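Enquirer: Okay, sequence plus prediction incoming.
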Amino acid sequence: MSFLKLVPTIVVKYILRTFYSVFCLCFRIDSHKVTFASYRANQLQDNLAYIHKEMRESYPEYKPHYLFKKMDGTVFGKLLYIFHMIHAIFHLATSRYFIIDDFYFPIYVIKPRKGVDIIQLWHSAGALKKFGLSTVGKPFGPSPEYLKHVAIHGNYTKAYVSSREVVPYFAEAFNMPTENIYPLGIPRTDYFYAKEMIEDLQANFEQVYPGIKGKKLILYAPTFRGKSHAKADFRMPFDVEKMKKALGKTHALLVRLHPYMRGEFVLEGEGFAYHVKDAFSIQELLALSDLLITDYSTVFFDYSLLGRPMIFYPYDLEEYIRSRDFYYSYEDMIPGPMAADTVTLIQLIQNQDETKDDIAQFRNRFFDHQDGHSAKRIAQHIFG
C-alpha cells in the first residue's frame, strides 16, 4: 500500500487523537458508564445484546450507552462516518467499560486512559479463518505499511472466547497476552438453551413462512467474501432449481447472507427457497434448522451445540486459502461431509451419514462450557 493511499487514514487518525486529548482534558471517566459499540449492525444484537441484558438485570448500577452504525463504503459515507467516530472517541474517553464485537478503528489510534477496560467479544465462535494480525501479508489482511500507522486490534484489556483450544490463535490475532483471554463462552449461544423461546419462534416463523410447515429446514449460511464493510453481489454456488425438483416435497431451503452483504439478491426456487433477512437472527435460524450448509462461516461452531448434521460446500477453497487461510486444516477439522457440486449436495441431504460422534467431539473441543450461562459468566467476570 502506497503512502498516498494511506494519507486519508493518517489524517483521520490525528483528527480522532486530537478530539480524544480534548475530551480527556475536559471530562472524567464515569465509573458506571458502559458503552456498547459495533460496526456490524445498526442496533444492539448478538453477543453484545446478551451481555447488555445480563448487565441490566444483575448489575443495574451501570449505565449503558450505544454506538451502532454500519459503515457505508462510499466516499460520502466514509466522510460522514468520521463524525460518528468522533462521537465514539468521546465515549472512549469517558466510559469505564467499552465493549465491542469486531474491528473498531477509533480504539487503535489512541492511547487509552488508565482505568478503562476495552473488551472484545469477538463475533465468531471457535477459530477457523485467520483474522487480525494473523493475516498480515495476505490479500485479505492489513499491509505492514498500514500497521505502522494503525495498530489494529491493539488496546484490548480483555477478550472472551469459546474454549482454551483457541486462546493461542486469538492471542496471535490480537497481539494479546494469553492470560487476558478468557474461555468463558459465547453469549449468543445461550439462546439454544431457551426451549420456550424456541417453541414460540417456531410458531412465529411458520406464520411468516407458511410454505415451510411440515418440512425439514435446510439453512444455507455462507461466509462473507471481501475486505470492505459492504459487498453488493452474491450468486448461489449451487443449482437451487435442481434442489427444488429433488427435495421440494420434503424440504425447504432458507438462505441467510452475511450482514455485510447489502446488495439486492434474487433467489430462484420459489416455494422451496426463502431468502430470510433481518426479521430473524442467525441464532434463531440455526435453532430452527434441521441441517446446515456452509463453507467457512464459523456459524457451524455454534450449530455444533445443537448436535445436528452439517454439510460443507467450499466451492473456492484453494482461492480462500491463498487470500486468507485457516488456523487448522479445513478438511481435517470440519465435522461433516463436503460437496463440490449440486448432485453430490442433494445426495448428501437425502442420505445423511451418522456424524453425531464427530459433532460431539468437535463441540467438546471448541466449547468448554455447554450450559446456556455464558452471558452470566462473562458479565460476572466484567462487572462482578
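Expert: Great, that's in hand. Numbering: from 1, shown residues only.
Enquirer: ok, which stretches of the stretch 51-200 of the chain are strands?
Expert: 63-68, 95-100, 117-120, 158-160, 181-182 (DSSP state E, counting those that start in this stretch).
Enquirer: Each with direction, which strands does the last one pair with?
Expert: In this case it means strand 181-182. strand 158-160 (parallel) (DSSP bridges).
Enquirer: try the second one
Expert: Paired neighbours of strand 95-100 in the sheet (DSSP bridges): strand 30-38 (parallel), strand 117-120 (parallel).
Enquirer: Turn the ones you listed into CSV, including mean pLDDT, mean neighbour count and distance to I181.
Expert: Any C-beta I mention is one placed from the backbone N, CA and C, and that applies to glycine too. Formatted as CSV, the strands paired with strand 95-100 follow (pLDDT from 0 to 100; neighbours: other C-beta atoms under 10 Å; distance: least, C-beta to C-beta, whole Å):
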stretch, mean pLDDT, mean neighbour count, distance to I181
strand 30-38, 98, 20, 20
strand 117-120, 98, 22, 9
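Enquirer: Ok, which of the ones you listed comes nearest E196?
Expert: strand 30-38 (26.3 Å; C-beta to C-beta).
Enquirer: Centre of the chain to that closest one, how far?
Expert: 21 Å (C-alpha atoms, centre = their mean, to the nearest Å).
Enquirer: Check stretch 355-365 too.
Expert: Worked out by C-alpha atoms, centre = their mean, stretch 355-365 lies 22 Å from the chain centre.
Enquirer: Identify each buried residue in that stretch, please.
Expert: Neighbour-count burial for stretch 355-365, counted by 16 or more other C-beta atoms under 10 Å, picks out 355, 358-359, 362-363, 365.
Enquirer: again with stretch 269-282
Expert: Buried-residue list, stretch 269-282, by 16+ other C-beta under 10 Å: 269, 272-274, 276, 280-282.
Enquirer: isn't Y328 right up against G126?
Expert: No. Using C-beta atoms under 8 Å, Y328 and G126 do not qualify as a contacting pair, with a distance of 9.4 Å.
Enquirer: Out of the two, name the residue with the larger neighbour count.
Expert: Neighbour count, other C-beta atoms under 10 Å: between Y328 and G126, G126 has more, with 25 against 13.
Enquirer: circling back to that earlier point, most packed of the strands of the stretch 51-200 of the chain?
Expert: Of all the strands of the stretch 51-200 of the chain, strand 95-100 has the most neighbours on average by mean count of other C-beta atoms under 10 Å, namely a mean of 24.
Enquirer: mind checking how far that one is from the chain centre?
Expert: 19 Å.
Enquirer: which residues are in contact with that strand?
Expert: 29-38, 48, 51, 62, 65, 91-92, 107, 115-121, 382-383 (C-beta atoms under 8 Å, 6 or more residues apart in numbering).
Enquirer: Would you check that L184 makes contact with K158?
Expert: No. Using C-beta under 8 Å, L184 makes no contact with K158, being 10.1 Å away.
Enquirer: Overlap of the contact sets of those two?
Expert: With C-beta under 8 Å, 6+ apart, L184 and K158 have common neighbours H381.
Enquirer: before we move on, the earlier item: if we take the buried residues of stretch 355-365, which one ends up nearest to T344?
Expert: Distances from T344 to these, taken by C-beta to C-beta, are shortest for T355, at 15.9 Å.
Enquirer: Give me the phi and psi for the closest one.
Expert: Main-chain torsions, T355, degrees, to the nearest 10: phi -120, psi 10.
Enquirer: shouldn't it be in contact with P335?
Expert: Yes. Assessed by C-beta under 8 Å, T355 is found in contact with P335 at 6.2 Å.
Enquirer: which neighbours do the two share?
Expert: Joint contacts of T355 and P335 (C-beta under 8 Å, 6+ apart) are M310.
Enquirer: about what we covered before: please produce CSV containing the buried residues of stretch 355-365, extended by secondary structure, pLDDT and distance to N175.
Expert: CSV is the format used below for the buried residues of stretch 355-365 (DSSP: H, G, I helix; E, B strand; the rest coil; pLDDT from 0 to 100; distance: C-beta to C-beta, whole Å):
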residue, secondary structure, pLDDT, distance to N175
T355, coil, 77, 36
D358, helix, 92, 33
I359, helix, 95, 33
F362, helix, 97, 28
R363, helix, 97, 29
R365, helix, 97, 25
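Enquirer: Rebuild those as a markdown table, extending it with distance to R164.
Expert: What follows is the buried residues of stretch 355-365, written out as a markdown table (distance: C-beta to C-beta, whole Å):
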| residue | distance to R164 |
| --- | --- |
| T355 | 24 |
| D358 | 21 |
| I359 | 20 |
| F362 | 15 |
| R363 | 14 |
| R365 | 10 |
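Enquirer: quick one: low-confidence parts of the stretch 1-150 of the chain?
Expert: 1 (pLDDT under 70).
Enquirer: chain center to the biggest helix by length in the chain, what's the gap?
Expert: Longest helix of the chain, by residue count under DSSP state H: helix 3-26. With C-alpha atoms, centre = their mean as the basis, helix 3-26 stands 28 Å off its chain's centre.
Enquirer: Could you name the helices and strands sitting against it?
Expert: helix 75-94, helix 144-147 (3 or more C-beta pairs under 8 Å, 6 or more residues apart in numbering; DSSP states H and E).
Enquirer: buried set for that helix?
Expert: 6, 12-13, 16, 19-20, 23-24.
Enquirer: Lovely, talk soon.
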